[in-house]
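K.L.:
Provided below for reference: sequence and predicted model.
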2 protein chains.
Amino acid sequence: MTISQNEFSLIEQFFSNIGSSSYSVELAQGDDAAVVDVPRGKQLVMSVDTLINGVHFPEQACAADIAHKSLAVNLSDLAAMGATPAWFLLSITLPKFDEVWLSEFSASLKETSNQYQIKLIGGDTCRGPLSISVQVAGLVDKNCYVSRRGAQLGDLIIVSGQLGNAALGLAHLQQKVSLPVDLIQPCVEALNRPLPRLELSDFLTNYASAAIDLSDGLVGDLRHILDQSQKGAVIRRNALPVNDWIRSHQAYDFALTGGDDFELCFTVPAKYISAIDDWNQRNPKCQLTDVGEITGSGYLLVNNQQTDDLTHWQGYQHFE
Amino acid sequence: MTISQNEFSLIEQFFSNIGSSSYSVELAQGDDAAVVDVPRGKQLVMSVDTLINGVHFPEQACAADIAHKSLAVNLSDLAAMGATPAWFLLSITLPKFDEVWLSEFSASLKETSNQYQIKLIGGDTCRGPLSISVQVAGLVDKNCYVSRRGAQLGDLIIVSGQLGNAALGLAHLQQKVSLPVDLIQPCVEALNRPLPRLELSDFLTNYASAAIDLSDGLVGDLRHILDQSQKGAVIRRNALPVNDWIRSHQAYDFALTGGDDFELCFTVPAKYISAIDDWNQRNPKCQLTDVGEITGSGYLLVNNQQTDDLTHWQGYQHFE
């Protein structure tokens, strides 16, 4: 569809000049479509995620957080493929024209897109219940992308960062848990301001046999790798990188089944263990943790006392 | 975001194997992102359009029409750029899981995507108020795309097909007009089943100096070409390709300001007039009509009796 004069002004005012990319843009906003050049030797990586008010972010979420998260969850998909961000499209549905809201949304989108070097090249605006749909395009060296398919027997299962913080932040907002003061801010930030782990893209293309981003919880997301690689796994509960509250309350479910962490989970041949140690020494803010191992079949969670079978465990479901 | 087990089954059941493309796909649904190869010498053309229930299609619209239109309006953008369809992503938000609705939607999407040779390679599903967001990717020979920018003084203004039928169909459904029986079906079909004019892609890249698709009505959409080309125009009202009802009722507003036609409007240097005649002889189902001329400045509608100034006319607006 073309854009009406008014929509055109809205896009001019709030959505021009958002983000930057090292990849060139032939034609951006203001036409029926955007035109870009894909450099020789690269493959194009594409993904879309829609965020719905009250489903993917709380009703009271501020415009800045919504903008960041809409882009971040898509960038997280690129990270999981080992891709580098290049361009994105934005489709935004708003109940009404709200200049203050749009200004905050636009400023936050600009900040996040500049930070991760991705440029807005097109999109559309509609009137309706608040939702944001972002389509990202990234690039990867030909045949160097990382899929969910390549996990091999004996591979280590690695996760980035800490797990469970976003789910804990949500539980706090819903007044389901009572957190110590110093944990509130980091947990709520983990929920509203997830960090796409793009710094790991190169590491993944060099060392990972399979990867996925953690949006629905480790158990459910790792299962996708197992299904597509036709393998099993053992997760060691005590190895999970969690905060002190989760560990002391034995509340590992936040890490195992809580959504929205947007950390990466990937498998690495055991011979590359030293590459992981090297990474950890050089990247104190993005620690990698070995939480288990790929097996021939089955899906188990082990801890000191017991072994749980995860085979039929069901993750978060949109259609229940 | 990754997809939950249940969403995964839904995608498997209804959204696998949709459409075909002559361009290869390295990795489609079932991973964090899709991976494709862009052939050497081609540029990538990308667009997104979201269709909201009750805004872009009537509340009572059937799933098959919604599926067709969601894809067709995006394909229309590719046509206006002179591009060839290659791949698309789909983000679908549904109030509930409805197997009958999804089956109809899926079957229609398959039909339309096969017809226009475009392959579904990814997307996501959410729960929320019904809306459909489609992102299309097309290809065009390097530097051969057609933008809104190139209209030149003296160029002919050409439109494809008949204008105003979709708006007339809507007026009929809203019981605002009383149409003769033989016009009802074609007008309602023009509204619900728009035909993207992809057959014109090559013609545009060969002859057009600028192009746009008609989603908001000729006057508003042509203005985008004029703005971006920094030119004026004269439209001849009596030359507009309209059906007999519009002509006999002098109801030209349906053609001038009615939305949703998804015909193409493009400008062609006058020296190519014979190419247009040739096209019309070979393509009885997609007739091209010369409706006016590009001028240095101003924006006028002329007819036998009078001249109207279109400069400050406002088209359909999403945010009023």
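P.N.:
Yep, it's here.

K.L.:
And the strands in chain A?
P.N.:
A:25-27, A:34-36, A:42-52, A:84-94, A:119-127, A:131-141, A:156-160, A:210-213, A:232-236, A:264-268, A:288-295, A:299-302, A:307-309 (DSSP state E).

K.L.:
any chance of these in TSV, plus mean neighbour count, distance to A:L204 and mean pLDDT?
P.N.:
Glycine gets a C-beta too; all of them are placed from N, C-alpha and C. What follows is these, written out as TSV (neighbours: other Cβ atoms under 10 Å in any protein chain shown; distance: least, Cβ to Cβ, whole Å; pLDDT from 0 to 100):
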stretch	mean neighbour count	distance to A:L204	mean pLDDT
strand A:25-27	18	26	90
strand A:34-36	24	24	95
strand A:42-52	25	12	95
strand A:84-94	25	11	95
strand A:119-127	24	23	91
strand A:131-141	26	10	96
strand A:156-160	25	10	98
strand A:210-213	28	5	98
strand A:232-236	20	18	97
strand A:264-268	28	6	98
strand A:288-295	20	11	98
strand A:299-302	18	23	96
strand A:307-309	12	29	91
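
K.L.:
Turn the ones you listed into a markdown table, including distance to B:S70.
P.N.:
Output for the strands of chain A, formatted as a markdown table (distance: least, Cβ to Cβ, whole Å):
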| stretch | distance to B:S70 |
| --- | --- |
| strand A:25-27 | 24 |
| strand A:34-36 | 19 |
| strand A:42-52 | 13 |
| strand A:84-94 | 12 |
| strand A:119-127 | 12 |
| strand A:131-141 | 12 |
| strand A:156-160 | 36 |
| strand A:210-213 | 27 |
| strand A:232-236 | 38 |
| strand A:264-268 | 32 |
| strand A:288-295 | 40 |
| strand A:299-302 | 37 |
| strand A:307-309 | 42 |
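
K.L.:
quick one: which of those is nearest B:H249?
P.N.:
The minimum distance between B:H249 and these falls on strand A:119-127, with 30.6 Å, by Cβ to Cβ.

K.L.:
which secondary structure elements does that closest one contact?
P.N.:
Contacts defined by 3 or more Cβ pairs under 8 Å, 6 or more residues apart in numbering or on different chains; DSSP states H and E place strand A:119-127 against helix A:5-15, strand A:34-36, strand A:84-94, helix A:99-115, strand B:42-52.

K.L.:
Output these in TSV, with distance to A:R197 appended to each entry.
P.N.:
Formatted as TSV, these follow (distance: least, Cβ to Cβ, whole Å):
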stretch	distance to A:R197
helix A:5-15	26
strand A:34-36	25
strand A:84-94	12
helix A:99-115	13
strand B:42-52	25
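
K.L.:
and of the ones you listed, who's closest to A:V302?
P.N.:
Comparing the helices and strands packed on strand A:119-127 under Cβ to Cβ, the one sitting nearest is strand A:84-94, at 36.7 Å.

K.L.:
List the pairing partners of that closest one within its sheet, with orientation.
P.N.:
Looking at strand A:84-94 with DSSP bridges, its partner strands are strand A:119-127 (parallel), strand A:131-141 (antiparallel).

K.L.:
measure the closest residue to A:A211 other than its chain neighbours to A:L139 for me?
P.N.:
Spatial nearest neighbour of A:A211, chain neighbours left out: A:F266 (3.7 Å); criterion: Cβ to Cβ, 6 or more residues apart in numbering or on different chains. Separation of A:F266 from A:L139 (Cβ to Cβ, to the nearest Å): 20 Å.

K.L.:
ok, now A:A34?
P.N.:
15 Å.

K.L.:
now swap in A:S215 and tell me
P.N.:
For A:S215, the distance to A:L139 - Cβ to Cβ - is 22 Å.

K.L.:
confidence score at the most centrally placed residue in chain A?
P.N.:
For chain A, the residue nearest the mean C-alpha position is A:S76 (3.2 Å; Cα atoms, centre = their mean). If you check A:S76, the pLDDT there is 97.

K.L.:
again with A:E7
P.N.:
So A:E7 comes in at 63 (pLDDT).

K.L.:
Point out where the stretch 51-200 of chain A drops to low pLDDT.
P.N.:
Within the stretch 51-200 of chain A, no stretch has pLDDT under 70.

K.L.:
My read is that A:R236 contacts A:V291, right?
P.N.:
Yes: the pair A:R236 and A:V291 qualifies as a contact (Cβ atoms under 8 Å) at a distance of 6.1 Å.

K.L.:
Angles on the backbone of A:T311, please.
P.N.:
phi -50, psi -40 (degrees, to the nearest 10).

K.L.:
Can you give me the neighbour number for it?
P.N.:
12 (other Cβ atoms under 10 Å in any protein chain shown).

K.L.:
Which residue is the nearest non-sequential neighbour of it?
P.N.:
A:Y299 (4.8 Å).
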